[in-house]
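Novice: I would like to see how this sequence folds:
(chains A and B)
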Amino acid sequence: MTAATAPPRRPRVRPLSLAILFVGTTYLGYLSGFPYGLGVFVAAGAVVLAAVLRRSRSGAGAAYAPAPVLAVLAIEAASAPVGFGTELIAGLAALGFLVWLADDPARPAGGPLRELPTIAVPTLALGIAWTSGLLLPTGALPLGYAGGLLALALAAVAYLVIRPAVFDREEA
Amino acid sequence: MSERQSRSLQWRPLSVTLIGVGAVLVFSAALTRDPVPIFLALPLLLAPVAAGVVGPRHSPTVRMQFTVGGAAADVEVRGVVAPEPGIDARDLEVEVERPSSLGERSPLGIERSGTEVRFRADWFAPEPVITVVGVPQVVWRDPMGLIERDTRSTAQPIVVSRYPPELLRIGAVRLERTTALPGETRSRRVGESGEFHGIRVARPDDPPRQINWRASARAGVPLANEYDLEKTGDLLLLLDARTTPLGAALDERLFSIVRAAALGLSDSFLRVKARVGLGIFGEFLEVVPLSTGRTQRVRIERALRQARLSPVVGPAERCAVSVRRHFPPGLTTVVFSSLGDESSSDLTPYLRRRGYPVVVLSPSPLPLITADSTLSGVDEQLARRIGNLVRRDRIARAWQEAPTIDWSDYWSLGTFVDFVRRPRVRRVG
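Specialist: Alright, predicted model coming up:
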């Protein structure tokens, strides 16, 4: 069998990013409040499924790898009861998911270190949001401010998505 | 810069998914008054925006060098892409679009380093063909795969032509000259001869006498002498672009083969400074007037590349009248026709009546029909025999009007070359 006719090799598993994703997702599953530890098992299953899809030889399978983890994270976060640190775990699980996304073995450009600037921005925002939520006094007024800022941020994101040319800068 | 290259940042499907899930989580948090989904949504919403801010703010410029090599049926595409400073070459995705008329031997091979991307594609031409290999698409993509930008390059598409190699040695055929220039004398010598012009890299079909052995020894590669040719002549290539009952797909493939053969013939004769004209007859006649030189080669190549079959079948007499209007009589004429039906052989008598000596080169549809046949066993053998009989009968009838060459092995035109190189009785007076 020549190199030309050999089937493409399976991408290798990157253990570090997979472990980060696994810990974040299963811990959020543990906090999600599903009975009999179901949240943990579902989260673990989703991570395993994502890893298997990513190892598939065809690019089509790997493209769907983030879907199960994303779905499970969303379900767990929606069902998780409010508690001390639960929201922080949710945010950290999302960051772990981004690290795993950046560490795609199918792409030579991948690697969490090269994507550090992109991950740093959400990390910073998450830190500010959590400390604000922790330190600000409770009451209707701060909640109103937070709601207004959130709506503004959503509107900004929607505008950027619709008008990507905003990112363009004219060359000198 | 093409239209595609001038587009701004593009969101990839992963970005849209992250933003969509983030938005759903925010709404669910608002509905349930639960802050946990918001904290999960925050990184998902911000990651694509951060990727857009951190990445290049305009389409990166890349230096691209790509070549198309290979001989006979092989088409080898090789290239190097180097981005502008500040852009990591590992973030570049290269995509080479294969023309539909070419097959793929192996998938696109890509080697990356921090400064450049090398790519190679090995294709093959199942039949003689003229096609264009477009400039490979290069996009910059962030390492997470959230956004991408088209790049800008100055590379140009490359025209690939593959035709039977025998056509390279057909140029030594003595052609009739229709318009002698004032003071010009006809050369009595047949073949490539004349004053020494220069040295070029030797071709496989160069005779040993033409090899410059001293220069080859000095250079380490075989080199051959090139001569200013004293002989010139005129040739008209006439393509029958009318549809036949064979069907659109088969007609299209045969016409593609014919276009490649016509380009090969014109290349060969233009190389020996003959004047070559081109006519493409569908409903009306489109012509490239007689001329010689490299510019004429470009004109003919462009006309052949743009030539398409005509859905409306024009009468043969119209073709002959138009030919007479554009080309002088006495011109050696090669008619390319599939002879797919009875009526497609009607060009020859009209052309002969107007004084054009005609040779018909007819690509046989039988190999294509056999390759696509769904029959098997006895049925297939019977169909093949009947097809051969019909074809032989059609060629025999065409021979009554003009010499007709049945071209069934598309990668060999030895029969045709041998026929036209045969010494002919020259006209006296």
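
Novice: can we go C-alpha only for contacts and neighbour counts from here?
Specialist: Will do.

Novice: so the spatially most central residue of chain B, which state does it fall into?
Specialist: The residue lying closest to the centre of chain B (C-alpha atoms, centre = their mean) is B:Ile130, at 1.4 Å. Following DSSP: H, G, I helix; E, B strand; the rest coil, the label given to B:Ile130 is strand.

Novice: so it touches B:Val160, yeah?
Specialist: Yes - B:Ile130 is within contact range of B:Val160, at 5.6 Å (criterion: C-alpha atoms under 8 Å).

Novice: need the contact list for A:Leu92.
Specialist: Contacts for A:Leu92 (C-alpha atoms under 8 Å, 6 or more residues apart in numbering or on different chains) come out as A:Gly24, B:Leu40.

Novice: can you give me phi and psi for it?
Specialist: In this entry, A:Leu92 is assigned phi and psi values of phi -70, psi -40 (degrees, to the nearest 10).

Novice: neighbours of the closest residue in space to A:Gly29 that isn't next to it in sequence, how many?
Specialist: Closest residue in space to A:Gly29, ignoring its immediate chain neighbours: A:Gly39 at 4.2 Å, by C-alpha to C-alpha, 6 or more residues apart in numbering or on different chains. Under the neighbour criterion other C-alpha atoms under 10 Å in any protein chain shown, A:Gly39 is assigned a count of 26.

Novice: in a helix, B:Val80, correct?
Specialist: No - assessed with three-state DSSP, B:Val80 is strand; it does not lie in a helix.

Novice: look up how far B:Ala261 lies from the residue nearest to the centre of chain B.
Specialist: Distance from B:Ile130 to B:Ala261, counting by C-alpha to C-alpha, to the nearest Å: 9 Å.

Novice: cool, and A:Gly45?
Specialist: As for A:Gly45, its distance to B:Ala261 is 61 Å (criterion: C-alpha to C-alpha).

Novice: so for those two, which sits in the more crowded spot?
Specialist: The residue with more neighbours, out of A:Gly45 and B:Ala261, is B:Ala261; 26 against 17, by other C-alpha under 10 Å.

Novice: quick one, what contacts that one?
Specialist: B:Pro128, B:Tyr163, B:Pro164.

Novice: quick one: it is in a helix?
Specialist: Yes - applying three-state DSSP, one finds B:Ala261 inside a helix.

Novice: any idea which helix or strand comes after the helix or strand of chain B with the lowest mean pLDDT?
Specialist: Ranked by mean pLDDT, DSSP states H and E, the weakest helix or strand in chain B is strand B:196-201, scoring a mean of 74. Next helix or strand after strand B:196-201 toward the C-terminus (DSSP states H and E): helix B:213-219.

Novice: how about that following helix: buried residues?
Specialist: By 16 or more other C-alpha atoms under 10 Å in any protein chain shown, the buried positions in helix B:213-219 come out as B:Trp213, B:Ser216.

Novice: put the alpha carbons of the next helix or strand along the chain from it into PDB.
Specialist: Counting by DSSP H and E, the next helix or strand C-terminal to helix B:213-219 is strand B:223-227. Taking Å, rounded to 0.1, in the frame of the first residue of the first chain, the C-alpha atoms of strand B:223-227 are listed here in PDB:
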ATOM      1  CA  LEU B 223      20.300  20.100 -25.600                       C
ATOM      2  CA  ALA B 224      19.200  20.300 -29.300                       C
ATOM      3  CA  ASN B 225      19.900  22.700 -32.100                       C
ATOM      4  CA  GLU B 226      16.900  24.800 -33.300                       C
ATOM      5  CA  TYR B 227      16.800  26.100 -36.800                       C
END
